[in-house]
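J.: this one's structure only:
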């Protein structure tokens, strides 16, 4: 089945540790996105990528890094510089790289700080 | 700047009641897209509908209907004869085509609880 997978479902981070969230899609979509969701809040864009080897910062990129070496994969690293990383992280993809394309979402990763 | 407001934070209805979720948006673009997504307790966002700014026709899909009015910058979502499975958080979102730095801006969501 085509879709977007995210792993792990739950992730625990110790103080000062970098952690990487995985996002893979087999929909042949060009564009991929990372969002952060805090309780009672909407989704805020962290990074997005419209093509392999290129990505742009979203509204809350500080403390995060990404890479896009393959079309199917868009991993997100939460660095130690992100002081409040506890949140629900959602990955999305869209076939259109232009604005207005429908984004389809993965199941999410819940990150907790120990 | 683009902005989406969902004024209703939480709504509770009894099963079989109709319910309308409000969405008001702000944009300076003449070309834009509006979306509704459903987030069930599992957490994954499920796409429901996309409309472009040039198509003001109302749309109906089963028990779901959408009312798009450019004059009031609103894109409201109605569920007819609600069911317990409709319980979720619903997000409205906006994408400007010509301007704006963010591909898609979300409202803060409306949590709908349908009680049996």
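T.: In hand now; what should we look at? Predicted model, so just to flag it, every value in this text is computed and none were measured.

J.: Get me the contact residues on chain B for chain A.
T.: Counting by C-beta under 8 Å from any C-beta of the partner chain, the positions of chain B adjacent to chain A are B:4, B:9, B:31-33, B:35, B:37, B:42-47, B:50, B:52, B:91, B:95-98, B:100-104, B:106-109. (Glycine included, C-beta is placed from N, CA and C.)

J.: Quick one: find the helix or strand in chain B with the lowest mean pLDDT.
T.: The element with the least model confidence among the helices and strands of chain B, by mean pLDDT, DSSP states H and E, is strand B:59-61, at a mean of 88.

J.: of the residues of chain B next to chain A, buried ones?
T.: Burial of these was assessed by neighbour count (16 or more other C-beta atoms under 10 Å in any protein chain shown); the buried members are B:4, B:32-33, B:35, B:37, B:43-45, B:91, B:95-97, B:100, B:102-104, B:106-109.

J.: mind listing the helices for chain B?
T.: Using DSSP state H, no helices are assigned anywhere in chain B.

J.: where are the low-confidence patches of it?
T.: Under the criterion of pLDDT under 70, the regions of chain B flagged as low confidence span B:98-102.

J.: And the strands in the chain?
T.: No chain in the question, so chain A it is. In order along the chain, chain A carries the following strands (DSSP state E): A:4-7, A:10-13, A:19-25, A:31-37, A:43-51, A:54-57, A:64-66, A:76-78, A:87-94, A:104-105, A:109-113.

J.: wrong one, chain B
T.: According to DSSP E, chain B carries its strands in the segments B:3-5, B:10-14, B:19-21, B:24-26, B:32-39, B:46-52, B:59-61, B:64-69, B:74-79, B:88-96, B:105-106, B:110-115.

J.: Next, format those as a markdown table and append distance to residue A:38.
T.: Listed next are the strands of chain B as a markdown table, based on distance: least, C-beta to C-beta, whole Å:
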| stretch | distance to residue A:38 |
| --- | --- |
| strand B:3-5 | 17 |
| strand B:10-14 | 17 |
| strand B:19-21 | 21 |
| strand B:24-26 | 22 |
| strand B:32-39 | 13 |
| strand B:46-52 | 20 |
| strand B:59-61 | 31 |
| strand B:64-69 | 27 |
| strand B:74-79 | 23 |
| strand B:88-96 | 13 |
| strand B:105-106 | 12 |
| strand B:110-115 | 14 |
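
J.: Perfect, I'm done here.
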